[in-house]
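structure for the following, please:
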Amino acid sequence: TMSTTRRVTINPNVEVHEISSIYDYTASEISASWYNEEEMDRITQRCFKILQKTDSGSSKNSKKYCVRGLESHTTLGSISKRNNREAAYTAVLEEQERQWNANDETDVQAISDAYRCTTSSCQLWAQVVGNRDQQEVEAYLYDDDEEEDEQEAKAAPSTACSLSHGSRIVQEAASRATVFARAA
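Model prediction:
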């Protein structure tokens, strides 16, 4: 049997970033950092409008509305979520009852397994949605890189070489950082 040694090391180059308490913020900093009640109401109303259009089927082929994150609030999504939760509760309670009726000691692993079997389709679906989100973000970033590459190619002298694979990866990482910085 091969054993692996685990260890923790402390980086001697420590960076400390001071974070101000909300009580130290000025009114304008608070206003710039958080949504106010009016903004939250507008966002909520916009979400309700999107959900109504989605449930009525009027936005089926429209790219105008994005329902990402609102899926469980649609009529179908709400029913599905409720059914999944009820099935999970039932599975756990039935396993607990089985153990109690058999005068067994509590087998937490059996309860966990009953829950996991019931919710495995939810887990699978979450992974599918997460992978789709990842692909969409990468496609967005790749499209952004393509536009930047075209602009750089136009600006560069005609003797410029194409980017190597390694340089391309570094450039994509930098582009991602730029996009995330813009979003923050």
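
where is the longest helix in the protein?
helix 108-155 (DSSP state H).

packing partners of that helix?
helix 75-101, helix 165-183 (3 or more CB pairs under 8 Å, 6 or more residues apart in numbering; DSSP states H and E). The C-beta positions use only the backbone N, C-alpha and C, and glycine is treated the same way.

tilt between that helix and helix 75-101?
150 degrees (axes from the mean of the first three to the mean of the last three CA atoms, to 10 degrees).

and helix 108-155, average pLDDT?
The average pLDDT within helix 108-155 is 85.

got it, and stretch 11-25?
Rounded mean pLDDT across stretch 11-25 is 90.

how long is it end to end?
Using CA to CA, to the nearest Å, one end of stretch 11-25 lies 32 Å from the other.

show me what contacts Q127?
Shown in contact with Q127 (CB atoms under 8 Å, 6 or more residues apart in numbering): no residues.

I'd like the distance between the nearest residue to G77 once chain neighbours are set aside and A87.
Spatial nearest neighbour of G77, chain neighbours left out: E71 (4.5 Å); criterion: CB to CB, 6 or more residues apart in numbering. E71 sits 18 Å away from A87 when distances are taken as CB to CB, to the nearest Å.

and L51, how many neighbours?
The burial count assigned to L51 is 20, neighbours taken as other CB atoms under 10 Å.

please report how far the residue nearest to the spatial centre of the chain lies from E136.
Against the mean C-alpha coordinate of the chain, by CA atoms, centre = their mean, the closest residue is G130 at 6.6 Å. For G130, the distance to E136 (CB to CB) stands at 11 Å.

now G77
From G77 to E136 the distance is 19 Å (CB to CB).

those two: who's more crowded?
G77 (16 against 11).

against S121, how distant is that one?
Counting by CB to CB - G77 and S121 are separated by 14 Å.

cool, and V137?
25 Å.

what do you get for E136?
23 Å.

same check on D24?
47 Å.

more neighbours: those two, which one.
Neighbours per residue (other CB under 10 Å) separate D24 from S121, with S121 holding more: 11 against 8.

show me the contacts for the more buried one.
N84.

also N13?
With CB under 8 Å, 6+ apart, N13 has no contacts at all.

quickly find the element holding it.
Taking DSSP states H and E as the definition, one finds N13 inside no helix or strand.

again, but for the one 5 residues further on
When elements are defined using DSSP H and E, E18 is found to belong to no helix and no strand.
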